[in-house]
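> Just to be clear, the model below is a prediction. Sequence and coordinates:
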Amino acid sequence: MVVRRLRQPLPGAQPRLRFEIPPEYIHTEDQDTTDAGETATQFGRPGPRMSMQHPLYMGFMGTVGVGLALLVYWIGSNNTQLLLWIVAALFIALGLEPVVGWLENRRIPRPAGILVAVTVLISAVAGFFATLIPTIVEQVTEIVVQAPTWVRDFIDSEFFRSVDDQFGVRDRINEELDKFVNNPEAMGGIFGGVVGFGSTLANGLFGTLIVLVLSLYFLAALPAMKKWGYRLAPRSRRARVEALSDEITRSVGNYVIGQACVALLNATFAFIVMSIVGVPFALLLAFVVALLAFIPLVGGMIAGMVVVLISLTEGWQTAAIYGICYFAYLQFEAYFISPRIMQKAVAVPGAVAVISVIAGGSLLGVLGALIAIPTAAAILLLVKEIYIVRQDKH
């Protein structure tokens with residue numbers, strides 16, 4: 001009874017206005033075709049079009065085209081950060097779409113599936129920061145506590161005494177410290193650096209929040225966005241456009257899911273090996289390995305070198321054992337794990353993959369490297385299905 005009453009609308013309430021897609025007008029033989037085949041709408045029948053060969057039409061449309069191009073360039077150059085957030089959110093939404101679709105096939109409502117997928121994503125991000133921040137605070141606190149002891153031991157060492165007797169290092173250091181403390185510009189630079197770091201951190205957190213919110217909206221509206229996009233194509237080509245678009249979005253989604261599985265296995269193996277050989281900060285480094293593993297081709301190698309360098313603090317034996325085990329796993333992953341996980345994802349030649357990753361990283365940084373291979377796969381699919389097919393007919 002309570003649920004039924006909650007579902008009933010409030011007295012006097014009106015449904016929220018929605019921007020619905022217009023119905024598709026199907027031209028039939030018995031319709032009036034006096035106006036070049038144009039069908040009438042609720043706002044009347046369109047009038048005859050101006051000839052495209054008319055000088056006034058050509059000049060006006062050329063001017064409008066140049067103006068629109070300049071406007072798009074100005075908007076893009078002044079909203080680069082927003083465009084990057086939109087691309088990242090769309091990439092995440094396409095990556096989570098296969099999960100939501102799989103849940104829908106299990107008779108789970110789409111809103112519930114979106115909630116589950118986004119909750120898992122937010123939990124992973126929160127887990128990374130929950131592991132990162134305490135570790136950084138602990139290490140910084142340890143450095144601050146031990147720094148006076150290290151400085152005192154260094155000053156009392158025979159090496160420093162001999163150097164001080166020859167070059168007067170102690171007096172020189174005291175002189176520079178006095179200049180630095182009495183220099184307002186230097187102190188202002190320190191304050192500005194602290195403020196700049198705080199603003200950068202705040203902007204990063206704000207950007208993360210914006211990307212998550214946009215991903216949620218894109219994921220909820222993805223079917224409607226596809227439908228709107230298909231309606232922009234001519235009706236005669238709409239079926240082909242829909243098939244190609246579905247194939248591209250499916251490939252991108254499968255790539256993201258497959259790369260996430262590969263990164264999870266990579267981080268799990270790295271964490272087990274680091275825990276066995278005694279590498280410090282094993283859990284934090286496992287998160288770093290998972291993040292770097294999302295970068296295709298080179299991410300695993302970079303992660304391995306980072307962990308090996310940190311392992312050297314425990315001795316060369318620890319670094320050697322970890323390096324041998326991890327790089328051997330990368331070979332096993334490349335030949336046995338990735339081909340089976342990514343068999344339903346994109347298929348891009350090796351040379352094209354390397355070039356696309358380098359180009360994407362140069363243009364958009366880490367985000368460009370992440371979306372490089374799906375973008376290259378989409379371009380190859382369009383070239384194969386459109387350009388090559390058209391060329392074969394001539």
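Looks like it arrived, so ask away.
> Just the mean pLDDT for stretch 76-87, thanks.
The pLDDT scores in stretch 76-87 average 83.
> actually stretch 172-181, not the one I typed
Here the average pLDDT along stretch 172-181 is 67.
> With stretch 317-328 instead?
Averaged across stretch 317-328, the pLDDT comes to 89.
> which residues touch stretch 317-328?
Outside stretch 317-328, the residues that touch it by Cβ atoms under 8 Å, 6 or more residues apart in numbering are 269-270, 273-274, 277-279, 304, 307-309, 311-312. Heads up, the C-betas are built off the backbone N, CA and C, glycines and all.
> how about a cut-off of 6 Å?
For stretch 317-328, the surrounding residues in contact (Cβ atoms under 6 Å, 6 or more residues apart in numbering) are 273, 277, 304, 308, 311-312.
> Show me which residues of that stretch are buried.
The neighbour-count check on stretch 317-328 (16 or more other Cβ atoms under 10 Å) flags 318-319, 321-323, 325-326 as buried.
> just stretch 374-383 next, same as before
Neighbour-count burial for stretch 374-383, with 16+ other Cβ under 10 Å as criterion, is recorded at 374-378, 380-381.
> And that stretch, how far out from the chain middle?
18 Å (Cα atoms, centre = their mean, to the nearest Å).
> What mean pLDDT does that stretch get?
Averaging pLDDT along stretch 374-383 gives 80.
> got the CA positions of that stretch in PDB?
Extracted C-alpha coordinates of stretch 374-383, given in PDB (Å, rounded to 0.1, in the frame of the first residue of the first chain):
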ATOM      1  CA  PRO A 374      40.300   2.000 -30.000                       C
ATOM      2  CA  THR A 375      40.500   5.100 -32.100                       C
ATOM      3  CA  ALA A 376      42.900   3.400 -34.500                       C
ATOM      4  CA  ALA A 377      40.700   0.400 -34.700                       C
ATOM      5  CA  ALA A 378      37.600   2.600 -35.500                       C
ATOM      6  CA  ILE A 379      39.500   4.400 -38.300                       C
ATOM      7  CA  LEU A 380      40.700   1.000 -39.700                       C
ATOM      8  CA  LEU A 381      37.200  -0.300 -39.700                       C
ATOM      9  CA  LEU A 382      35.800   2.800 -41.500                       C
ATOM     10  CA  VAL A 383      38.600   2.600 -44.100                       C
END
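> which stretches of the stretch 201-350 of the chain form helices?
Along the stretch 201-350 of the chain, counting by DSSP state H, counting those that start in this stretch, helices occupy 238-277, 282-293, 299-311, 316-332, 338-341, 350-364.
> so which of those helices gets nearest residue 387?
Nearest to residue 387 among the helices of the stretch 201-350 of the chain is helix 238-277; the distance by Cβ to Cβ comes to 12.4 Å.
> now for that closest one, which elements pack on it?
Judged by 3 or more Cβ pairs under 6 Å, 6 or more residues apart in numbering; DSSP states H and E, helix 238-277 is in contact with helix 80-105, helix 282-293, helix 316-332, helix 338-341, helix 366-382.
> and if we set it to 8 Å?
Judged by 3 or more Cβ pairs under 8 Å, 6 or more residues apart in numbering; DSSP states H and E, helix 238-277 is in contact with helix 80-105, helix 184-231, helix 282-293, helix 299-311, helix 316-332, helix 338-341, helix 366-382.
> which one of the ones you listed lies closest to residue 141?
Evaluated over the helices and strands packed on helix 238-277, closeness to residue 141 peaks at helix 282-293, with 15.7 Å, by Cβ to Cβ.
> Now do the buried residues in that closest one.
282, 284-290, 292-293.
> Only C-alpha atoms, please: export it in PDB.
The C-alpha atoms that make up helix 282-293 are tabulated as PDB, following Å, rounded to 0.1, in the frame of the first residue of the first chain:
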ATOM      1  CA  ALA A 282      53.600  -3.500  -2.200                       C
ATOM      2  CA  LEU A 283      49.900  -2.500  -2.100                       C
ATOM      3  CA  LEU A 284      50.500   1.000  -3.400                       C
ATOM      4  CA  LEU A 285      52.800  -0.200  -6.100                       C
ATOM      5  CA  ALA A 286      50.200  -2.700  -7.100                       C
ATOM      6  CA  PHE A 287      47.800   0.100  -7.800                       C
ATOM      7  CA  VAL A 288      50.500   1.900  -9.800                       C
ATOM      8  CA  VAL A 289      51.100  -1.200 -11.800                       C
ATOM      9  CA  ALA A 290      47.300  -1.500 -12.500                       C
ATOM     10  CA  LEU A 291      47.100   2.100 -13.700                       C
ATOM     11  CA  LEU A 292      50.200   1.800 -15.900                       C
ATOM     12  CA  ALA A 293      49.000  -1.500 -17.300                       C
END
